[in-house]
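S.K.: Would you be able to build a 3D model of this:
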Amino acid sequence: MDRAHVSAWSKIPPAAGAALLLTLAVPTSAWPANGTVSLTIVAPDGASEHLNVTNPVDGHCYTVAEVAPHLAGGTIRAVTNNTDKVIDAYSDLACSSFTHAAIRSGGAISGFGFSSFRPS
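M.R.: This is a model prediction of the structure:
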């Protein structure tokens, strides 16, 4: 390689090269979990309902108010994970509490009061 060609490449900032690699390596949108998350939600008045969330988006935080607006303020009392990803159930509405349960594909949990869940 001649010296002029080498010096032209050396002018590209390393940060620009790193940014290009990250752009190619990181997907621009989240991939959904394939399958269904089954939930049992109990409303503040004691009414309960069983419902399913099909192909939930990876990384999205789902709350009772989002999946069952008519049961807003209720809690998720049972979660069955029939997806191909781990489902994390949380005690807060932001999917960020320390208290949570990781439910593997094919697993289930019940008897606790969760407020949100997220595929991971």
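
S.K.: At the geometric centre of the chain, which residue do we find?
M.R.: For the chain, residue 59 is the residue whose C-alpha lies nearest the centre (CA atoms, centre = their mean; 2.5 Å).

S.K.: Distance check, it against residue 67.
M.R.: 16 Å (CB to CB, to the nearest Å). No exception for glycine: its C-beta is placed from N, CA and C like everyone else's.

S.K.: likewise residue 114?
M.R.: Between residue 114 and residue 67 the computed distance is 12 Å (CB to CB).

S.K.: And the contacts of stretch 99-116?
M.R.: When contacts are defined by CB atoms under 8 Å, 6 or more residues apart in numbering, stretch 99-116 is touched by residues 35, 40, 61-64, 75-95, 120.

S.K.: give me that answer again for 6 Å
M.R.: 61, 63, 75-76, 78-81, 84, 86-93, 95 (CB atoms under 6 Å, 6 or more residues apart in numbering).

S.K.: mean confidence for it?
M.R.: The average pLDDT within stretch 99-116 is 94.

S.K.: That stretch: which residues count as buried?
M.R.: 100, 103, 109, 114-116 (16 or more other CB atoms under 10 Å).

S.K.: Next, the contact list for the nearest residue to residue 50 once chain neighbours are set aside, please.
M.R.: Nearest non-adjacent residue to residue 50, counting by CB to CB, 6 or more residues apart in numbering: residue 40, 5.2 Å away. With contact set as CB under 6 Å, 6+ apart, residue 40 has these partners: 50, 77-78.

S.K.: Give me the buried entries from the contacts of stretch 99-116.
M.R.: Judged by 16+ other CB under 10 Å, buried ones among the contacts of stretch 99-116: 61, 63, 75-76, 78-81, 87-91, 95.
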